[in-house]
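S.K.: One predicted model, sequence on top.
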Amino acid sequence: MTRRLSPSARRDQIVASARTVMVQRGLAGTSLRDIAAAAGVSLGTVTYHFRGIDEILSAVVIAESERFYGAVVEAADAEPDPRRALQLLVDPLFEEGADVEEHWRIWSDFWAAVARRPEMADAYAQRIRHWEACCTRVIERGSASGVFPEVDPGQAALKLAAYADGLGTQRAQGVPGLTGAVARAWMTEFVDLLLGPTAYRTGERPSR
């Protein structure tokens, strides 16, 4: 017998079960019946809370973004050194382990779905771009303090997010040789190209 839960708790249960199924089978191999079975509820219960797979995927991505980036963003915002703060944002993205692999598998499926239906991302942009928004804040204060050169913080953060997503998606696809360590090193190189390899203050330039 299905345990009685509040509507919000039942929705959270379905989202958590959907994440498990999607990680195991991929989005293309996941059906509403699979999610219902994993959650231990009827198909009707799933469709009562969600209109379809796309809406469930979006809910999974929102929950994943909040879970995966929450502590990372908090630590970066609290770090007074902007360059160190950026490193705190970058390092966890490519750690070795099942949790990180699963995270990028979910993101890879989401961006593939968004490529077919761009409106999916528009509806949830503010709720899934925690990492990019934090990068913007860090770069903004780094530029203001002279640690970074004068750049458009939003554009620079978007470039970092795009490069990170590309590396993460390639990792999710199992590209040979692209280990977590390699991805992290490439990401650090890109940060250096974008914001300078050494911290400097106004009037000073990085040594060559």
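M.R.: Alright, I've got the coordinates. It should be emphasised that the depicted structure is a prediction, and the values quoted were computed from it without experimental measurement.
S.K.: how near is the spatially most central residue of the chain to P118?
M.R.: The centre of the chain sits closest to S65, judged by CA atoms, centre = their mean, with a distance of 5.3 Å. Distance from S65 to P118, counting by CB to CB, to the nearest Å: 18 Å. Heads up, the C-betas are built off the backbone N, CA and C, glycines and all.
S.K.: returning to what we had before: hmm, the residue nearest to the centre of the chain is touching I128, no?
M.R.: Yes. With contacts counted by CB atoms under 8 Å, S65 reaches I128, the gap being 4.6 Å.
S.K.: Specify which residues of the chain, grouped into ranges, have pLDDT under the cut-off.
M.R.: 1-3, 121-127, 198-208 (pLDDT under 70).
S.K.: where along it do the helices fall?
M.R.: Counting by DSSP state H, the chain has helices at residues 7-25, 32-39, 43-49, 53-78, 82-90, 98-116, 119-128, 130-145, 153-172, 180-195.
S.K.: Can you name every helix or strand that the fourth one contacts?
M.R.: So that's helix 53-78. When contacts are defined as 3 or more CB pairs under 8 Å, 6 or more residues apart in numbering; DSSP states H and E, helix 53-78 packs onto helix 7-25, helix 32-39, helix 82-90, helix 98-116, helix 119-128, helix 130-145.
S.K.: Okay, domains of the chain per the record?
M.R.: 1-50, 55-195 (automatic domain parsing).
S.K.: List the contacts of the closest residue to L167 other than its chain neighbours.
M.R.: Once flanking residues are discounted, L167 sits nearest to A183: 4.6 Å by CB to CB, 6 or more residues apart in numbering. With contact set as CB atoms under 8 Å, 6 or more residues apart in numbering, A183 has these partners: 93-94, 167-168, 170-171.
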